[in-house]
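**Q** Can you look at this prediction? I've put the sequence above it.
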Amino acid sequence: MKKRILIISYYWPPAGGPGVQRWLKFVKYLPEFNIYPVLFVPENANYPIYDKSLNNEVSQDCEIVKFPIFEISNFFPNLSSLNSIRSGNVSKNKNQSLLQKFIFFLRGNLFIPDMKVFWKRNSVKFLENYLSENRIDTIITTGPPHSLHLIGYELKRKLNIKWISDFRDPWLHLNYLNRFHLLPFVKESHRKLRDKVLCNSDAVIVTSNRLKNLYSEINQNVYEITNGYDYKLQDVKLDEKFSISHIGSLYDERNPDFLWDIIDELSKDIDGFKKDLQINLIGNNSKKIKKQLSSREFNECIKFHDYLEHKKSIKLMSSSQVLLILEVDDDGSSYAIPAKLFDYLNSNRPIVSIGPEKSDVKDILSKTSSGKFFNYKDYNSLKFHLEKLYENYKHNLSDKNNRKNIEIYHRKNLTSRLVGVISKVAKKSKAL
């Protein structure tokens, strides 16, 4: 029997970036399991990144319902401090100017849980009728923005439908939330809203094991379904240079100075290293980082690229000699797995990851034999590993066997797990 479900998402093509990929791919494969999705998405949303090429990947089996959204960001002046909020790049308190502190204070204390909260009221009213008229009894909300979970909560409360909440990132543990100078009662409001969502969801989906462990303390029906990869690996000629590529935003707190120190040393100490080296930084790169790197020994080896369409970034990563993941060295970042990791896994290239010690990335790289993980204190270990990778490059010893057990991260297999959660929720409802 054909089953329809409603998915409420803010990010949808032509939005770019990792937030759109997750449900774009679930929607692609759900019909193969006899589940037909209806997407409820904003009309005329003001996305921080656009990738119009993703319009071509929207499944023909997907019904899309667009509903107007009031975007406060449309009224923002074009200031970098304001635009940084939308991309999740918020400076630490000690690095904020007086203007930034004021702006961030207003953002954090006036818009709870986020600036999409004004989409809630009219969306709930519209969806009450839509769900009843179309006899849809299961909804999924995906956040951030976490305002969408509040839409799910209201629909659950009013219609007693089955509701699955999907958390792509932590809520209270978002590393920038505490940089908004939240007042004590606002912090408590966030906690109460999060717990209300978790307690009232029939099931909760998260993207990392660490987040699953955290949320399982509140709701026992928490399931880990990571992000994944979807493309078929093609034979791509590797770069002639010793290319080290980072794909994604690179802002100040993701800037691992000790990595650049190591590359500086290798450029001076190893004959030919600097001549062979090419560093690709693809995405939104901090002006401060660009300026700092311009004074490095290897500055002429760096190529900065703006945001690339997803398919183009796949091609570039598949031809790179080494792939780089950089994450902020704090506890909040350890709850999320960078979505690009899974495309990296499928690219068949050795991965070097630098991030917080408790990150799930370390375990995934170990289990798949796809690369090495380093924390911000592993200077000597990272230097030795880069020397080894360069030696392999010089002797044409490219690693072609580093795709061990990655099939569990294929989007179709992940969709199968999602279908299992949907089925469990349905059976639980019938039992009651």
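**A** Right, received. Where do you want to start?
**Q** alpha carbons only for contacts and neighbour counts from here, please
**A** Fine.
**Q** Find the residue closest to L159 in space, skipping its chain neighbours.
**A** In this structure, L159 finds its nearest non-sequential neighbour in E128, 7.4 Å apart by CA to CA, 6 or more residues apart in numbering.
**Q** Tell me who's in contact with the one you found.
**A** L155, K158, L159 (CA atoms under 8 Å, 6 or more residues apart in numbering).
**Q** Now those residues in a markdown table, please, with extra columns for neighbour count.
**A** Below are the contacts of E128 laid out as a markdown table (neighbours: other CA atoms under 10 Å):
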| residue | neighbour count |
| --- | --- |
| L155 | 21 |
| K158 | 11 |
| L159 | 12 |
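**Q** Packing partners of the helix or strand hosting N213?
**A** Using DSSP states H and E, the element containing N213 is helix 209-215. When contacts are defined as 3 or more CA pairs under 8 Å, 6 or more residues apart in numbering; DSSP states H and E, helix 209-215 sits against strand 222-224.
**Q** picking that back up, filter the contacts of E128 down to just the ones in helices.
**A** Among the contacts of E128, the ones falling in helices (DSSP state H) are L155, K158, L159.
**Q** so the nearest residue to the second one once chain neighbours are set aside is in which element?
**A** Which is K158. Using CA to CA, 6+ apart and skipping residues adjacent in sequence, the residue nearest K158 is E128, 8.0 Å away. Using DSSP H and E, E128 sits in helix 120-134.
**Q** Just the mean pLDDT for that helix, thanks.
**A** Across helix 120-134, pLDDT averages out at 97.
**Q** next one: it to chain centre, how far?
**A** 28 Å (CA atoms, centre = their mean, to the nearest Å).
**Q** related to what we said a few turns ago, going by distance to R135, which of the contacts of E128 wins?
**A** Within the contacts of E128, the smallest distance to R135 is 11.3 Å, found for L159 (CA to CA).
**Q** The closest one and I139: what is the separation?
**A** Using CA to CA, to the nearest Å, L159 is found at 11 Å from I139.
**Q** same deal with N200?
**A** N200 is 13 Å from I139, by CA to CA.
**Q** okay, the two: which has more neighbours?
**A** Neighbours were tallied for N200 and for I139 using other CA atoms under 10 Å; the higher tally belongs to I139 (23 against 18).
**Q** and that one, that one's in a strand?
**A** Yes: according to DSSP: H, G, I helix; E, B strand; the rest coil, I139 belongs to a strand.
**Q** Three-state assignment for the residue nearest to it when sequence neighbours are not counted, please.
**A** With CA to CA, 6+ apart as the criterion, I139 has its nearest non-adjacent residue at 4.6 Å, and that residue is L6. Using three-state DSSP, the structure places L6 in strand.
**Q** ok, which stretches of the stretch 151-300 of the chain are helices?
**A** Remark: helices assigned in the stretch 151-300 of the chain by DSSP state H, counting those that start in this stretch are 184-200, 209-215, 257-269, 273-276, 287-293.
**Q** where along this structure do the strands fall?
**A** For the chain, the strands defined by DSSP state E cover 3-8, 35-43, 63-68, 138-143, 162-167, 203-206, 222-224, 242-247, 277-282, 302-305, 322-326, 351-354, 371-374.
**Q** if we can go back for a sec, contacting residues for the residue nearest to I139?
**A** P37, V38, L39, F40, I136, T138, I139, I140.
**Q** Make CSV from those residues and add distance to D343 to it.
**A** Listed next are the contacts of L6 as CSV, based on distance: CA to CA, whole Å:
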residue, distance to D343
P37, 24
V38, 26
L39, 25
F40, 27
I136, 34
T138, 30
I139, 28
I140, 25
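**Q** So which residues of the stretch 301-432 of the chain form helices?
**A** Applying DSSP H, counting those that start in this stretch to the stretch 301-432 of the chain gives helices spanning 310-319, 340-346, 361-368, 379-394, 411-431.
**Q** winner for burial among those helices?
**A** Greatest average neighbour count among the helices of the stretch 301-432 of the chain goes to helix 340-346 (a mean of 23), per mean count of other CA atoms under 10 Å.
**Q** tell me the mean pLDDT for that helix?
**A** Average pLDDT, helix 340-346: 94.
**Q** so what does that helix touch, helix or strand wise?
**A** When contacts are defined as 3+ CA pairs under 8 Å, 6+ apart, helix 340-346 sits against helix 310-319.
**Q** okay, the angle between the helix it packs on and strand 242-247?
**A** Using axes from the mean of the first three to the mean of the last three CA atoms, to 10 degrees, the direction of helix 310-319 lies 150 degrees away from that of strand 242-247.
**Q** Determine how far helix 310-319 lies from the middle of the whole chain.
**A** Centroid separation for helix 310-319 versus its chain: 17 Å, with CA atoms, centre = their mean.
**Q** who are the neighbours of that helix, in terms of helices and strands?
**A** Contact partners of helix 310-319 among helices and strands, from 3+ CA pairs under 8 Å, 6+ apart: strand 242-247, helix 340-346.
**Q** contact partners of the last one?
**A** By CA under 8 Å, 6+ apart, the residues outside helix 340-346 that reach it are 18, 227-230, 233, 247-248, 314, 317-318, 323, 325, 351, 370, 403, 406, 409.
**Q** Show the buried residues in these.
**A** If you count burial by 16 or more other CA atoms under 10 Å, the buried members of these come out as 18, 227-229, 247-248, 314, 317-318, 323, 325, 351, 370, 403, 406, 409.
**Q** thinking again about what came up before, now, among the contacts of E128, which is nearest to L414?
**A** Lowest distance from L414 to the contacts of E128 (CA to CA) belongs to L155, with 26.5 Å.
**Q** So for that closest one, what pLDDT did the model give?
**A** Per the predicted model, pLDDT is 98 at L155.
**Q** From what I see, it and V124 are in contact.
**A** Yes: counting by CA atoms under 8 Å, L155 does reach V124; the two are 6.5 Å apart.
**Q** So, low pLDDT: which residues of this protein?
**A** 1, 76-94, 398-403, 429-432 (pLDDT under 70).
**Q** what about the residue lying farthest from the centre of it, distance to D330?
**A** Centroid-distance maximum for the chain: D271 at 38.6 Å, with CA atoms, centre = their mean. Going from D271 to D330 by CA to CA gives 36 Å.
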